[in-house]
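*Asks:* task: produce atomic coordinates for the following.
(4 chains)
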4 protein chains.
Amino acid sequence: MDDCFQIGGREFSSRLFIGTGKYPADGLIPDVCEASGAQVITVALRRVDFASETDNVMKHIPENMVLLPNTSGARNAEEAVRIARLARAAGCGDWIKIEVISDQRYLLPDNLETTKATEILAAEGFHVFPYMNPDLMDARRMVDAGAAAVMPLGAPIGTNRGIRTREMIRILIDEISLPIIVDAGIGKPSQACEAMEMGAAACLVNTAIASSSDPVSMGRAFGRAVDAGRAAYLAGLGSTRKEASASSPLTGFLGQGRA
Amino acid sequence: MDDCFQIGGREFSSRLFIGTGKYPADGLIPDVCEASGAQVITVALRRVDFASETDNVMKHIPENMVLLPNTSGARNAEEAVRIARLARAAGCGDWIKIEVISDQRYLLPDNLETTKATEILAAEGFHVFPYMNPDLMDARRMVDAGAAAVMPLGAPIGTNRGIRTREMIRILIDEISLPIIVDAGIGKPSQACEAMEMGAAACLVNTAIASSSDPVSMGRAFGRAVDAGRAAYLAGLGSTRKEASASSPLTGFLGQGRA
Amino acid sequence: MDDCFQIGGREFSSRLFIGTGKYPADGLIPDVCEASGAQVITVALRRVDFASETDNVMKHIPENMVLLPNTSGARNAEEAVRIARLARAAGCGDWIKIEVISDQRYLLPDNLETTKATEILAAEGFHVFPYMNPDLMDARRMVDAGAAAVMPLGAPIGTNRGIRTREMIRILIDEISLPIIVDAGIGKPSQACEAMEMGAAACLVNTAIASSSDPVSMGRAFGRAVDAGRAAYLAGLGSTRKEASASSPLTGFLGQGRA
Amino acid sequence: MDDCFQIGGREFSSRLFIGTGKYPADGLIPDVCEASGAQVITVALRRVDFASETDNVMKHIPENMVLLPNTSGARNAEEAVRIARLARAAGCGDWIKIEVISDQRYLLPDNLETTKATEILAAEGFHVFPYMNPDLMDARRMVDAGAAAVMPLGAPIGTNRGIRTREMIRILIDEISLPIIVDAGIGKPSQACEAMEMGAAACLVNTAIASSSDPVSMGRAFGRAVDAGRAAYLAGLGSTRKEASASSPLTGFLGQGRA
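*Replies:* Residues are numbered from 1 along each chain as shown, chains lettered A, B, ... in the order given. Coordinates of the predicted model:
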């Protein structure tokens, strides 16, 4: 299938993005990368201890992965901007996922501050991936601010609750010209599959893989589910019916006619 | 993954069953078989014109597929039994899917007549796969009647409505020792994936593949989705939370402490 | 509103049926009857100690309520029939709700045995209300057996899970000429309201009222919700739209024209 | 029930707000007010032709209703502020519902502009009711701006799609100290009832009542459903269970012991 996915100046065959948090051991990360087929991986800059040789999540990330550093820990645009600049200066590349969160219970993003950070960083040449609460007007502002994609949440981070914001994500997919990458809340492969069937460009899944009792198998499962959902979207899903439709004409059998 | 699926005296690596109805051209069937990875295919005996060289769906079914003839068109146990015997006599093997349907609007199965046919045919050495409305007591009767598996519907045939009977299918999976194969109503790969995540042993999908504008791609998508759902079930899905859970400890960044 | 409900040879203005189980004190029952407006109340015959002056739930049931004795505790048709006859002989009238349950975990009804008991008791002049797993073919058999209504479950007894069997209840309402009374599983007034909006003839609610910390207020709430759902069904519910529809013409304001 | 609802400096017994748009004839409005029990009614200022004696929706609004003028038609904060001031100058009182909408397909609100208008008008002494896309951070900003309540949408205006934003509305109810009034998208009484069961302070319903073939009956239905949901919320809803719970102890009947 020639269904390449271009984003942030690069091209990918996989539409699953994964993360680096919550693994029982960071040494699992390379196997998850391989099993899932993911080509993009996000990492919280605050977790990176560049000075450490041993306790550094970066050394577990395979070379062929594209790094999507995130600004987790930032509580406003200014902090997000500082983290992004530090990331680039430290050699983490020019992709940045903006997370601006000041709510500690639901970890919900602050769209307004996120948009501000997006505008500043896009102007500095970053490929900016804003994490957001799905809101059409804010998504339009992020487009105007120069975002590379929009990353609406399905449900609060780490909840495994699935795509609870389905209605608004459907509208974003309809109305926004940038790729829509569903991020946060996806707890099962079927949910990632559904996001892709709806027309999302990609999904980011971390908790559901990393917290699984078998992260490598779960990573593989998510990789296949995302592929399946994308292929179904491209092939075209059928409409639903209220009444049944026989799989074959209801002609009789054994010589009997039928109504 | 060593996750073989044993049923009806055989062993399979794929847990997707497909059908032969509704294809725009029966010549697509071999490619769908290959793309989907399915190893079992159902065919309505009434559609088979054994006398015809040219208009015979059987000639499109690859040799390596296991045939699951069905009794579509039967309106009671007696008719189903006759169709099953004819199928075996015609060389279609000893697997039989019982469909007994007298309702023409929703094509809902008649569990009572289905159980009767199951008992008769199991006693004659068939591997019997009864299609049923999910009902715990009837499923138990089918177990007692000697069924090889139980095939509850997700929604009426051909409706693409998904797993609307989720509550009862969950209970069947919990309570019935035979494999539960979700049949009918599955319209999207994400729905087949969900059935597998719930612990179904397999899924049968026909309309959603055959009616797609690209049946081969859609078959491939369903194959992957079923694999993904099974792998996730085996790896163990996480529980859901009402509040968020950070992907990394909420330690501060840039020298700031955090609550 | 002249929307009388005729069933079992009687006429009612309320479409809420209530129960007598699980109350913290049976003395609450009269107040719940009054607050809810219910006119029909079900009682498990096995709970009735006709010999006792003091520990007898019957003495808490107001005189103006129509009694719907149920056969809770019966594990097959024969036991249900015996209980029904005892109830009539004891002066409990000629209404009987058939509950035949042999499954102890989910308390799911046995449609086959229920239908048998329905046929016997209807022939003896009872007004028979069979509790059932929603299944179209079994509902038709209950119609043929002479039932006065059909009582499909929304979810297992006492689970408060709501109308999980929505798909099949919708079909029963469509296809069955008898009143459909949704019984079991309803945990919130909004769910009873929805059942009525779908076209159910009535709802039976016990656990959600009796287990509430304020059964009288909760009974009142269910009474209103059932009324509301019925009135909405009669007035005709609007269809849903995918795109918005302004509440007033999008003519401009302040002299500005609008697209 | 002494469950008064205080908001905007007034006290109400009804928690249903209604609208004035889309009625087949504005002359129905008084009867809908009475049947529904609503005490608050919203009106689009742009629809009001104060100069007209005959074509003026205002003359159909009963005197005892509290008027909630809205800024429908405003595309930014400035326009909303102008409309609000005109409304007050015209004698419409000091309540104002802020609607700032520049999206013509889904009519989704612009939270940022809405917050700006809220701040300005609250400072001028208005009781401000901002209509919003449910977003926790924006709701907090509206609290800080001096709003009297927060009005998150359930689904786009006029769609009858129900509470599709359930996840975020639940969080707003949890986290925001102001009354949460669910506005837009509610298409059935059961949905209004559910919003109240979740803990919403009130609901605003227009399309579903005004577009009904019997607006008066539908208004009455919504009034009862809102009452029912509120009463259930106060009485305390039970939790759900996966397995059944018998309505009476599973003691035997007819002399049989039971497991």
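
*Asks:* residues from the stretch 1-150 of chain A in reach of chain D?
*Replies:* A:102-103, A:105-106, A:108-112, A:133, A:135-138, A:141 (CB under 8 Å from any CB of the partner chain). (Each C-beta comes from the backbone N, C-alpha and C, glycine too.)

*Asks:* so which of those are in strands?
*Replies:* Using DSSP state E, no member of the residues of the stretch 1-150 of chain A next to chain D sits in strands.

*Asks:* which ones among the residues you listed map onto helices?
*Replies:* Secondary structure defined by DSSP state H assigns A:111-112, A:136-138, A:141 of the residues of the stretch 1-150 of chain A next to chain D to helices.

*Asks:* picking up where we left off before, PyMOL command to pick out the buried ones of the residues of the stretch 1-150 of chain A next to chain D?
*Replies:* What follows is the PyMOL syntax for the buried subset of these, where burial is set by 16 or more other CB atoms under 10 Å in any protein chain shown:
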select buried, chain A and resi 102+103+106+108+109+110+111+112+133+135+136+137+138+141
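
*Asks:* and whatever residue of the stretch 51-200 of chain A ends up closest to chain C, which of the three is it?
*Replies:* In the stretch 51-200 of chain A, the residue found nearest to chain C is A:Arg170; the distance is 8.4 Å by CB to the nearest CB. When the structure is split into helix, strand and coil by DSSP: H, G, I helix; E, B strand; the rest coil, A:Arg170 lands in helix.

*Asks:* would you check that it makes contact with A:Ala195?
*Replies:* No - counting by CB atoms under 8 Å, A:Ala195 is not a contact partner of A:Arg170; they are 10.3 Å apart.

*Asks:* where does the helix or strand containing A:Gln191 sit relative to the chain's centre, distance-wise?
*Replies:* For A:Gln191, the host element (DSSP states H and E) is helix A:189-197. Distance of helix A:189-197 from its chain centroid, counting by CA atoms, centre = their mean, to the nearest Å, is 11 Å.

*Asks:* then stretch A:78-95?
*Replies:* Centroid displacement of stretch A:78-95 relative to its chain, using CA atoms, centre = their mean, is 20 Å.

*Asks:* state the mean pLDDT of that stretch.
*Replies:* Taken as a whole, stretch A:78-95 has an average pLDDT of 93.

*Asks:* now stretch A:22-31
*Replies:* Per-residue pLDDT over stretch A:22-31 has a mean of 93.

*Asks:* that stretch: end-to-end distance?
*Replies:* Between the opening and closing residues of stretch A:22-31 lies a distance of 15 Å (CA to CA, to the nearest Å).

*Asks:* any residues touching it, and which ones?
*Replies:* With CB atoms under 8 Å, 6 or more residues apart in numbering or on different chains as the test, stretch A:22-31 has contacts from A:20, A:32, A:41, A:57, A:60-62, A:158, A:206-207, A:210-211, A:215-216, A:219, B:247-248.

*Asks:* in helices, which of these appear?
*Replies:* When DSSP H is applied, the contacts of stretch A:22-31 are split such that A:32, A:207, A:210, A:215-216, A:219 fall in helices.

*Asks:* highest neighbour count among those?
*Replies:* The most crowded member of these is A:Gly219, carrying 29 neighbours; neighbours defined as other CB atoms under 10 Å in any protein chain shown.

*Asks:* any regions of the stretch 1-150 of chain A where pLDDT drops low?
*Replies:* A:1-2, A:49-51, A:53-55 (pLDDT under 70).

*Asks:* show me where it has its helices.
*Replies:* With DSSP state H, counting those that start in this stretch, the ranges of helices along the stretch 1-150 of chain A come out as A:29-36, A:77-89, A:111-123, A:136-144.

*Asks:* can you tell me which of these is most buried?
*Replies:* Mean neighbour counts were taken over the helices of the stretch 1-150 of chain A using mean count of other CB atoms under 10 Å in any protein chain shown, and the top value, a mean of 23, falls to helix A:111-123.

*Asks:* returning to what we had before: could you work out the most separated pair of the ones in helices among the residues of the stretch 1-150 of chain A next to chain D?
*Replies:* By the measure CB to CB, these have their two most distant members at A:Leu112 and A:Leu136, which lie 14.6 Å apart.

*Asks:* who's in contact with A:Asp183?
*Replies:* Contacts of A:Asp183 were listed using CB under 8 Å, 6+ apart, and they are A:17, A:131, A:151-154, A:203-204.

*Asks:* good, wrapping up.
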